[in-house]
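Visitor: here is a sequence together with a model predicted from it:
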Amino acid sequence: IENELNDAASSEHLFDNTHWSNIDIYSKVAKTKQLVLNIEEKEFLRLCTQDIDDKTSNNDLIPIVMFNKQNEHWVEFVRIYSIHDHEHVKIDIGISMKYDTKTGKLSITGVHLDKHKILDNHQLL
């Protein structure tokens with residue numbers, strides 16, 4: 001997975017061929033103020049690509065356990081991306097991916113906004 005994500009062409013292909021409107025977004029329920037960032041898909045993809053280019057080593061994948069409503073579970077891998085807006089506000093998001101051993105393909109499965117939930121799901125392993 002890391003090799004595919006660190007290869008510029010493979011990573012670009014993965015991001016470009018993801019149907020982002022169908023991707024789940026995992027965030028915590030806000031009990032207080034909440035920062036909302038609206039971003040167009042092209043800009044989002046540019047910022048993720050820029051984050052990969054800015055880092056000499058962006059190899060950290062966080063394995064997490066995911067569950068569905070039928071209580072089935074599986075392992076996905078989250079990579080953290082730093083998204084910077086024009087005012088230099090740093091926002092980190094996690095993009096989860098799953099590798100299909102049958103097809104040999106990597107797919108993006110979600111956008112994670114809650115770092116505590118990522119940690120909780122990681123500690124289940």
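Guide: Sure thing, it's come through.
Visitor: pretty sure residue 74 belongs to a strand, no?
Guide: Yes: Residue 74 sits within a strand when classified using DSSP: H, G, I helix; E, B strand; the rest coil.
Visitor: can I get stretch 113-125 as CSV, trimmed to CA atoms?
Guide: Coordinates of each C-alpha in stretch 113-125 appear next as CSV, following Å, rounded to 0.1, in the frame of the first residue of the first chain:
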residue,chain,number,x,y,z
LEU,A,113,-11.9,14.0,10.8
ASP,A,114,-11.8,12.8,14.4
LYS,A,115,-8.3,11.9,15.5
HIS,A,116,-9.6,10.3,18.7
LYS,A,117,-11.9,7.9,16.8
ILE,A,118,-8.9,6.9,14.6
LEU,A,119,-6.9,6.2,17.7
ASP,A,120,-9.7,4.2,19.3
ASN,A,121,-10.2,2.1,16.1
HIS,A,122,-6.4,1.6,15.9
GLN,A,123,-6.2,0.4,19.5
LEU,A,124,-8.7,-2.3,18.8
LEU,A,125,-6.1,-4.2,16.8
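Visitor: and it, what's buried?
Guide: Neighbour-count burial for stretch 113-125 flags 113, 118, 121 (criterion: 16 or more other C-beta atoms under 10 Å). Where C-beta positions appear, they are placed from N, C-alpha and C, glycine not excepted.
Visitor: checking the last one next. Helix, strand or coil?
Guide: Translated: residue 121. Under three-state DSSP, the three-state class of residue 121 is helix.
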